[in-house]
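>>> need coordinates for the below:
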Amino acid sequence: MPSPEEQARIDLVNRFCEDWARQDAELLADYFAEPFEYMVWEGGPVITTREEFVKQMGPFLRKLKSVHWEVLRSSVIGPMVINERIDHFYAQDSKYDNHPHLAGMFIVRDGKIAIWRDYNLR
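Numbering: from 1, shown residues only. As a prediction, the model looks like this:
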């Protein structure tokens, strides 16, 4: 059973995942500590500022018809939240829809996401 602090971390990460449906990069950036680290894909570039996140993700999100992140399960160990998700990105042309099955690893400090990494499960 998670402690109250750990449950708050799970809740924060789950709200973050839910808010992707709003397709608002600035809203999402508010979840991040300053500085933070977001590895865009395994072995890919690392974003370290909110401004950089908004610059990269804003145009991407605006091009999509809709977004829905399906959290299948979440676990917490101290400051670390791990969730299993299927991220549903729906393009204007459905042949470009993308549904990666991922494990997300989040480090939460002082109520903000300090580190975020996703790993493909397929």
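>>> longest helix of this protein?
helix 4-19 (DSSP state H).
>>> buried ones in that one, by neighbour count?
6, 9-10, 12-13, 16-17, 19 (16 or more other Cβ atoms under 10 Å). Placement of C-beta: from N, CA and C, glycine included.
>>> so how far is that helix from its chain's centroid?
Relative to its parent chain, helix 4-19 has a centroid offset of 11 Å by Cα atoms, centre = their mean, to the nearest Å.
>>> helices or strands up against that helix?
Counting contacts by 3 or more Cβ pairs under 8 Å, 6 or more residues apart in numbering; DSSP states H and E, helix 4-19 is packed against helix 25-29, strand 64-77, strand 80-91, strand 101-109, strand 112-120.
>>> and the first one, average pLDDT?
Across helix 25-29, pLDDT averages out at 98.
>>> give me every residue that touches the residue with the shortest distance to the centre of the chain.
With distances taken as Cα atoms, centre = their mean, residue 17 lies nearest the centre of the chain, 5.6 Å away. Residue 17 makes contact with 69, 71, 83, 85, 104, according to Cβ atoms under 8 Å, 6 or more residues apart in numbering.
>>> for this protein, give me the ranges with low pLDDT.
Counting by pLDDT under 70, the chain shows no low-confidence range.
>>> show me what residue 101 is bridged to.
Counting by DSSP bridges, residue 101 forms beta bridges with residue 86.
>>> number of nearby residues for residue 67?
16 (other Cβ atoms under 10 Å).
>>> mind checking how far the residue nearest to the centre of the chain is from residue 86?
11 Å (Cβ to Cβ, to the nearest Å).
>>> find residues that contact each of the two.
Going by Cβ under 8 Å, 6+ apart, residues that sit against residue 17 and also against residue 86 are residue 69.
>>> perfect, I'm done here.
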